[in-house]
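Participant: Could you look at this predicted model? Sequence included:
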Amino acid sequence: MLKKIILSVISLIALIIIFLSAGNWLVIENEIKKSDVIIVISGGHGERVRHAVNLYHKNYADTLLISGCPGNENYNEAIPMRDLAVSLGVPPGNIILDVLEDHGLGTGEQAVTIREVLKKHHFESGILVTSNFHTRRASFIFKRAFKNLNIKLSVAYPDKDSFDPNKWWKTRRNFTRVMSEFVKLVWYWISYSGN
């Protein structure tokens, strides 16, 4: 009986530790190096673009690749993202737009279109800018999309993000983000496991 109680307590502690560290597990930190292109994918409220522009101004790359749907005034996507980058000092000639046709396209489809842009421009390295909670899944998806190409990819995210991986369970929004990321990671893993 005592063994079962001890085992139950140890299991409960292990589950709590796993639960509390789930947010940190989603966040990947890479050393970023000078690259051919900084890739910023749609999402967020301009913080991804601002971070990509900051990296551009620090000379991590001479070109910004902005990927997203055309967008409108209420939806921050490719065209408004480009306009923000230009307003922050990136010359329009240093921006490549990957304008997707459909808001419903997920990160997997976006990675495939970006792969084609990188091949067209003969880029061999890139810095992918996304939100911190999205880095593990985005890294998994992009590495798979670039599988047979010789493209080195690192992942970066804004320093100031609304997602705190150490206290993710304290807000409904961040709790939902973590649950959603894990469901999507499992889905992608199952979908790609046979390939």
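Facilitator: That came in fine, so what should we check first?
Participant: from here on, contacts and neighbour counts on C-alpha atoms
Facilitator: Will do.
Participant: Of all residues in the chain, which one is nearest the centre?
Facilitator: Among the residues of the chain, the one closest to the centroid is Thr130, at 3.4 Å (Cα atoms, centre = their mean).
Participant: which residues touch the closest residue to Ile151 other than its chain neighbours?
Facilitator: Closest residue in space to Ile151, ignoring its immediate chain neighbours: Glu124 at 4.5 Å, by Cα to Cα, 6 or more residues apart in numbering. For Glu124, the contact set (Cα atoms under 8 Å, 6 or more residues apart in numbering) comprises Ser35, Asp36, Leu118, Asn150, Ile151, Lys152.
Participant: residues in contact with the fourth one?
Facilitator: Pointing back at Asn150 there. Counting by Cα under 8 Å, 6+ apart, Asn150 has contacts Glu124.
Participant: name the element it belongs to?
Facilitator: Using DSSP states H and E, Asn150 maps to neither a helix nor a strand.
Participant: How about the third one?
Facilitator: With the criterion set as DSSP H and E, the secondary-structure element containing Leu118 is helix 107-120.
Participant: Partner strands of the helix or strand hosting Ile39 and their direction?
Facilitator: According to DSSP H and E, Ile39 maps onto strand 37-41. Applying DSSP bridges, strand 37-41 is found paired with strand 64-68 (parallel), strand 125-129 (parallel).
Participant: In TSV: the ones you listed, plus mean pLDDT.
Facilitator: What follows is these, written out as TSV (pLDDT from 0 to 100):
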stretch	mean pLDDT
strand 64-68	92
strand 125-129	96
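Participant: any chance of these in a markdown table, plus mean neighbour count?
Facilitator: Output for the strands paired with strand 37-41, formatted as a markdown table (neighbours: other Cα atoms under 10 Å):
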| stretch | mean neighbour count |
| --- | --- |
| strand 64-68 | 25 |
| strand 125-129 | 24 |
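Participant: Which one, of those, ends up nearest to Leu15?
Facilitator: Ranking the strands paired with strand 37-41 by proximity to Leu15 (Cα to Cα) places strand 125-129 first, at 31.4 Å.
Participant: got the contact list for that closest one?
Facilitator: Under Cα under 8 Å, 6+ apart, the answer for strand 125-129 is 32, 35-41, 48, 51-52, 151-158.
Participant: try stretch 106-115
Facilitator: Ser67, Gly68, Asp98, Leu100, Ala138, Ile141, Phe142, Ala145, Phe146.
Participant: related to what we said a few turns ago, ok and the strand holding Ile39 relative to helix 107-120, angle-wise?
Facilitator: Angle of strand 37-41 versus helix 107-120, following axes from the mean of the first three to the mean of the last three Cα atoms, to 10 degrees, is 160 degrees.
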